[in-house]
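# Got a predicted structure here, sequence first:
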Amino acid sequence: MRVKIRTIFLRILSIAIITIAIGLYAYCWPTKDISPAPFKYFSTNKNREKLTGNDKPKPKLLFKSGFEGTTSITRSSDQIDGIKGSDNESEGLDDWSNDLKKAFGGFGFTYEGGDTTMRYARIVKDPENPNNHVLKFWLAGPNAYQGKKARVQASASRGVGLKNIYQSVRFRLSNDFQAIKNWDQEVKWLTLFEFWNNGAALGKDDPFRISVDIVKPNASKGSPLYLRTTAQKHVREKRTFPTIWTETNENFEIPTDKWLTCEIFFQEGDNKTGRFYVSITSEERGKIVIADVQNFTHAPGAKNPDGLQEYNPFKLYTGKALIEYLSGNSKKLEVLWDDFELWTDRLP
């Protein structure tokens with residue numbers, strides 16, 4: 001009997017000691033801080049000075065245009081158009097030939113194939129306000145990549161290598177986009193914006209892109225259109241684009257025949273310091289954050305990230321099947337653009 005009591009006592013004592021030990025460990029041992037690390041912002045001066053913690057850089061407007069005044073599109077070649085002139089506003093920073101070139105680099109409209117019966121970029125009157133001028137992108141056929149794709153895009157290239165940029169632009173999709181909903185196919189990419197870091201056209205190492213696309217995830221007729229943001233590394237030798245990260249926002253169905261304001265913030269960095277932000281503002285719903293991603297904005301493993309040097313601030317780009325379905329139904333892809341602004345060190 002005494003042995004049994006002693007055994008029970010020892011078991012109770014062991015449990016008590018273990019419980020006390022666990023309590024002391026939890027109380028005394030330092031806990032790991034799992035809160036997100038603050039973003040590291042980068043200034044645009046020559047020394048690329050790092051700003052950490054709560055330090056906020058002073059926003060700097062680099063360029064803006066409402067496609068007014070003397071702004072006009074010029075012919076450079078069969079597949080490239082230029083743009084010149086300014087809005088003639090007193091505060092300046094609106095001259096395409098001077099201000100934008102100083103702020104970023106070269107700029108033009110590229111098509112890759114076809115003629116004006118298949119695609120064009122033009123400055124036209126706003127259909128709602130004849131006193132306002134806008135930039136019009138128009139696609140009617142598969143003009144690019146030997147007839148396999150359709151493209152018209154604004155190309156900013158050979159840039160100074162900005163570590164971060166913020167852009168704002170208003171855009172309006174024509175009502176013909178509604179026909180995409182009635183197509184019995186999934187739409188995986190219809191690109192409106194694209195950031196290359198590094199750019200494939202420049203032939204640099206570690207090519208990488210971030211695209212903002214209109215998508216139709218559900219092939220069923222009548223399915224809505226959403227925006228998807230995708231980052232991909234370009235493997236040249238295999239001609240593939242493995243996805244690094246992607247995000248589809250199905251809380252905002254993109255409307256047609258409505259002016260929307262799109263704001264995009266890009267900061268070069270890895271999976272801890274990189275950031276890509278997209279928001280859409282409409283009269284009906286106000287501002288909606290489409291994506292706010294903390295992840296790679298350059299190729300993973302890139303040896304010498306040197307800032308953004310090539311991107312498409314506005315673009316209209318898709319595949320042959322979609323554009324032929326639309327043209328077969330007497331529809332075209334048309335996007336109007338207005339009030340473009342480009343900043344650095346401006347945070348969303």
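Perfect, I can see it now. Residues are numbered from 1 along each chain as shown.

# Spit out the contact partners of the spatially most central residue of the chain.
Central residue of the chain (C-alpha atoms, centre = their mean): residue 212, 4.7 Å from the mean position. Counting by C-beta atoms under 8 Å, 6 or more residues apart in numbering, residue 212 makes contact with 191-194, 227-229, 262, 264, 278, 290. In this view, the C-beta of every residue, glycine as well, is placed from N, C-alpha and C.

# now, which of those lie within helices?
Using DSSP state H, no member of the contacts of residue 212 sits in helices.

# Drop anything exposed from these.
Neighbour-count burial (16 or more other C-beta atoms under 10 Å) applied to the contacts of residue 212 gives 191-194, 227-229, 262, 264, 278, 290.

# one step back: pick the one among the contacts of residue 212 closest to residue 339.
Lowest distance from residue 339 to the contacts of residue 212 (C-beta to C-beta) belongs to residue 262, with 10.7 Å.

# what's near enough to touch that closest one?
Residue 262 sits next to 168-171, 192-193, 212, 278-281 when contact means C-beta under 8 Å, 6+ apart.

# And residue 210, by the same measure?
Listed by C-beta under 8 Å, 6+ apart, the contact set of residue 210 reads 194-195, 197, 229-232, 266, 276, 297.

# Which of those fall within strands?
With DSSP state E as the criterion, strands contain 194-195, 229-232, 266, 276 from among the contacts of residue 210.

# What are the buried residues along the one helix or strand residue 244 maps to?
Using DSSP states H and E, residue 244 sits in strand 243-249. Across strand 243-249, burial judged by 16+ other C-beta under 10 Å covers 244-245, 247, 249.

# List the residues that contact residue 257.
Neighbour list for residue 257: 172-175 [criterion: C-beta under 8 Å, 6+ apart].

# and if we set it to 7 Å?
Taking C-beta atoms under 7 Å, 6 or more residues apart in numbering as the criterion, residue 257 is in contact with 172, 174-175.

# Can you give me the distance of it to residue 172?
Separation of residue 257 from residue 172 (C-beta to C-beta, to the nearest Å): 7 Å.

# ditto for residue 271
35 Å.

# Residue 277 now?
Taking C-beta to C-beta, one finds residue 277 at 22 Å from residue 172.

# Ok, residue 183 next?
Plainly put, residue 183 is 21 Å away from residue 172 if you go by C-beta to C-beta.

# Wait, residue 114 touches residue 140, no?
No: counting by C-beta atoms under 7 Å, residue 114 does not reach residue 140; the two are 8.9 Å apart.

# which ones are touching residue 111?
Residues in contact with residue 111, defined by C-beta under 7 Å, 6+ apart, are 79, 119, 143-144, 151-152.

# Next one, pLDDT for it please.
pLDDT for residue 111: 96.

# any idea how far the closest residue in space to it that isn't next to it in sequence lies from residue 108?
Closest residue in space to residue 111, ignoring its immediate chain neighbours: residue 79 at 4.9 Å, by C-beta to C-beta, 6 or more residues apart in numbering. In this view, residue 79 and residue 108 are 10 Å apart by C-beta to C-beta.

# again, but for residue 196
Going from residue 196 to residue 108 by C-beta to C-beta gives 15 Å.

# Looking at these two, which has the bigger crowd around it?
Taking other C-beta atoms under 10 Å, residue 196 and residue 108 do not tie; residue 196 has more neighbours (23 against 19).

# Verify the stated contact: that one with residue 310.
Yes: the criterion here is C-beta under 7 Å, and residue 196 meets it with residue 310 at 4.4 Å.

# How many neighbouring residues does residue 128 have?
For residue 128, the count of nearby residues is 11 (other C-beta under 10 Å).

# ditto for residue 307
18.

# My read is that it contacts residue 268, right?
Yes: look at residue 307 against residue 268 with C-beta under 7 Å: they come within range, at 6.0 Å.

# All the strands of the stretch 1-150 of the chain, in order from the start?
For the stretch 1-150 of the chain, applying DSSP state E, counting those that start in this stretch gives strands covering 41-42, 50-51, 60-65, 72-75, 80-84, 106-110, 119-126, 129-139, 149-157.

# Can you list the strands that the longest one pairs with?
The strands that strand 129-139 pairs with in its sheet are strand 119-126 (antiparallel), strand 333-344 (antiparallel) (by DSSP bridges).

# Then the fourth one?
In the sheet containing strand 72-75, the strands it pairs with under DSSP bridges are strand 80-84 (antiparallel).

# Tell me the spacing between residue 277 and residue 61.
Counting by C-beta to C-beta - residue 277 and residue 61 are separated by 18 Å.

# between those two, which one's more packed in?
residue 277 (19 against 16).

# Was I right to think the more buried one contacts residue 290?
No: here residue 277 does not reach residue 290: they are 8.6 Å apart, not a contact under C-beta under 7 Å.

# Work out for me the element residue 293 sits within.
Using DSSP H and E, residue 293 falls in strand 286-294.

# will you turn the contacts of residue 257 into CSV that also has pLDDT?
Below are the contacts of residue 257 laid out as CSV (pLDDT from 0 to 100):
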residue, pLDDT
172, 98
174, 97
175, 97
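
# Need the buried ones from those residues selected in PyMOL.
Selecting only the buried entries of those in PyMOL, with 16+ other C-beta under 10 Å as the criterion:
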select buried, resi 172+174
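
# List the ones among the contacts of residue 257 that fall in strands.
Reading strands off the contacts of residue 257 with DSSP E, I get residue 172.

# Make CSV from the contacts of residue 257 and add distance to residue 332 to it.
Output for the contacts of residue 257, formatted as CSV (distance: C-beta to C-beta, whole Å):
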residue, distance to residue 332
172, 14
174, 7
175, 11
